[in-house]
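**Student:** sharing a model prediction with you, sequence too.
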Amino acid sequence: MAKRIVLQQTGDVDVMQLQAVSEQRPGPGEVWLEQTAIGVNPLDVLQRKGVAPLPLPAGLGLEGAGRVTAVGAGVLNVQVGDRVGYATGPVGSYASARLFPAERLVKLTSGVSDEQAAAALFKGITAQYLLTSTYLVGPRTQVLIYGAGGALGQLMVPWARHLGARVIGVVSRPQSVARAQAAGCEHVLVFDAATLAAEVRELTGGQGVDVVYDSVGRVSLQASLDSLRPRGLLVSFGATSGAPAAIEMATLNAKGSLFVTRPSLAAHTASAEEYQARADAVLAALQAGIIQARTWRRYPLGEVARAHEDLEQGRSEGALVLIP
């Protein structure tokens, strides 16, 4: 019998309960997927805590990989026995098996393992749209990337370097500097809201960077704005320190006609076609060695609370993967 994590309420890690679930017959457009690896992401933590609301009761998790064992009517893109991965949901990946819409599955090639897909698809699609759609990073682009030593940063930094960018990384503690350097950062700064912008301007000859990728939120907002060149772009896409405050329109004018965006993964994968194209780009980058899926730690599904604690406390140094 399959097992899954269920939330009856939001809160601390103890609200995640392991429950048995019977195998279900897939309906039209669905498959029954037996999972072998499950990705853990910061959004999962926000949903568990109720910061990003879910209708309850609910499953949890948006990323996984495994093998198709049954298909419903009208499914043409995959068949029984196919190795597949997915990211972006529907929510409920914290399970040993589940129903899943076939159009949101991505076939895995022999060059990408189930664990690599579960560790990299969600974060990889995020990196792909941030670097190619939110801002078109290319040769000589100067970028500032927060969390350069984390799981997402370890994908964004080498991908940006591959595109020709000069990357300045930001980390939260000195212990992460070497990891960010190994990922490909030309310079790595330990975050200090009072000094970051001045350090960035010194490294860029007083100009500032073209684009800032800020996953921190509230405490980093002003430093990020002050690190931009005139007409530069602030990409605020995370909130590990809380949601960023509102910005007065006059502030953007005064700081050099700046641009600000708050993108979401859902808006960049809304159609099956766009989602598949971005996922294919991630798998191609993995196979080409442009990026690497680095799993920091594996946990049994029943120890998901430990995985969340490690992620919340900032102990992780790469992707976290649940093994059903």
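**Tutor:** All right, it came through fine.

**Student:** and stretch 30-50, which residues are buried?
**Tutor:** Using 16 or more other C-beta atoms under 10 Å as the test for burial, stretch 30-50 gives 30-48. Using the backbone N, CA and C atoms, a C-beta is placed for each residue, glycine as well.

**Student:** again but with stretch 288-300, I slipped
**Tutor:** 290-291, 293-297, 299.

**Student:** and what of stretch 227-234?
**Tutor:** Buried-residue list, stretch 227-234, by 16+ other C-beta under 10 Å: 227-229, 232-234.

**Student:** rewinding a little: from the buried residues of stretch 288-300, which is closest to G217?
**Tutor:** W296 (22.8 Å; C-beta to C-beta).

**Student:** adding pLDDT, write the buried residues of stretch 227-234 out as TSV.
**Tutor:** Conversion of the buried residues of stretch 227-234 to TSV gives the following (pLDDT from 0 to 100):
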residue	pLDDT
S227	98
L228	98
R229	98
G232	98
L233	98
L234	97
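
**Student:** that older thread, so which of the buried residues of stretch 288-300 would you say is closest to S172?
**Tutor:** For the buried residues of stretch 288-300, the closest approach to S172 (C-beta to C-beta) belongs to W296, at 15.7 Å.

**Student:** now the closest one. Nearest residue, chain neighbours left out?
**Tutor:** G318 (3.4 Å; C-beta to C-beta, 6 or more residues apart in numbering).

**Student:** now V31: how far from G164?
**Tutor:** 40 Å (C-beta to C-beta, to the nearest Å).

**Student:** same deal with E186?
**Tutor:** According to C-beta to C-beta, E186 stands 12 Å off from G164.

**Student:** please enumerate the strands of the stretch 1-150 of the chain.
**Tutor:** Counting by DSSP state E, counting those that start in this stretch, the stretch 1-150 of the chain has these strands, from start to end: 2-7, 16-21, 30-40, 64-71, 83-86, 97-101, 106-107, 142-146.

**Student:** the longest one pairs with which strands, and in what direction?
**Tutor:** Strand 30-40 sits in its sheet next to strand 64-71 (antiparallel), strand 97-101 (antiparallel), strand 319-323 (antiparallel), going by DSSP bridges.

**Student:** just the CA atoms of the longest one, as PDB, please.
**Tutor:** So that's strand 64-71. Taking Å, rounded to 0.1, in the frame of the first residue of the first chain, the C-alpha atoms of strand 64-71 are listed here in PDB:
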ATOM      1  CA  GLY A  64       9.200  14.100  -8.000                       C
ATOM      2  CA  ALA A  65      10.300  11.300 -10.300                       C
ATOM      3  CA  GLY A  66       9.400   7.600 -10.800                       C
ATOM      4  CA  ARG A  67       7.900   5.200 -13.100                       C
ATOM      5  CA  VAL A  68       4.400   5.100 -14.800                       C
ATOM      6  CA  THR A  69       2.600   1.900 -13.800                       C
ATOM      7  CA  ALA A  70      -0.900   2.600 -15.200                       C
ATOM      8  CA  VAL A  71      -2.400   5.100 -17.700                       C
END
